[in-house]
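Engineer: Predicted model and sequence below, questions to follow.
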Amino acid sequence: MGEAAGRLAGDEGPTVQVASLPATEAPGNGGHSPRIHLDDMLYSLKSLMWRQAGLLRSGPGLLEAQERIDLWGRYLQRAGAQTRQACELANMLTVASLIARAASERAESRGTHFRTDSPTRKDAEWCRQILFRRTDAGPELTLGPIRDPSDAEGRGA
């Protein structure tokens, strides 16, 4: 199934060349639109998420990632690009922001994600889900109920 979806996506290909994106004026920018290279921003986002929100992470690194993701999101919105590629990147920035925010909230090491500033598991506090709900003011984070650990390490076996 994944192979077929990958081939279909590859056959479809990008519909717009990044270099051919028309310049649009951004409000409050003196008539100068930011020049956006979507492929560069996508590569930078992937790199940032691997470095700051990947397997090895820290509170300060996650906060830096959130700030940079928010900056890129505002920049992309100001550019006013209306291509499929720009919309996909906007969605990726949204998901990356939620991941960084949830990882920042979970101040512990769990599974393969190691927090350098909190190297131990804290089942009594964090054996729970982190949930987001869409509101008019933006995503609202809530914590699910504490659950029993589902692995042998958490059960003391």
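Structural biologist: Now that the structure is in, tell me what you want to look at. All values derive from a computational prediction rather than experimental measurement.
Engineer: Can you check the pLDDT for residue 150?
Structural biologist: Residue 150 is assigned 85 on the pLDDT scale.
Engineer: and stretch 121-136, how far apart are its ends?
Structural biologist: Its start and end residues considered, stretch 121-136 measures 34 Å (CA to CA, to the nearest Å).
Engineer: which residues are in contact with it?
Structural biologist: 98, 102, 105-110, 139-149, 153-154 (CB atoms under 8 Å, 6 or more residues apart in numbering). In short, each C-beta sits where N, CA and C put it, glycine included.
Engineer: Now, of the residues you listed, which are buried?
Structural biologist: Neighbour-count burial within these applies to 98, 102, 106, 108, 109, 110; the criterion is 16 or more other CB atoms under 10 Å.
Engineer: Just want to check the distance between the nearest residue to the third one once chain neighbours are set aside and residue 110.
Structural biologist: Spelled out, that is residue 106. Excluding the flanking residues, the one nearest residue 106 by CB to CB, 6 or more residues apart in numbering is residue 126, at 5.7 Å. Using CB to CB, to the nearest Å, residue 126 is found at 7 Å from residue 110.
Engineer: Just the element for the residue most central in space within the chain, please.
Structural biologist: When the chain is reduced to its mean C-alpha position, the nearest residue by CA atoms, centre = their mean turns out to be residue 96, at 0.3 Å. Under the criterion of DSSP states H and E, residue 96 resides in helix 84-105.
Engineer: where does residue 148 land in three-state SS?
Structural biologist: Under DSSP: H, G, I helix; E, B strand; the rest coil, the three-state class of residue 148 is coil.
Engineer: Once you drop chain neighbours, what's closest to it?
Structural biologist: Using CB to CB, 6+ apart and skipping residues adjacent in sequence, the residue nearest residue 148 is residue 127, 7.0 Å away.
Engineer: Kind regards, and thank you for your time.
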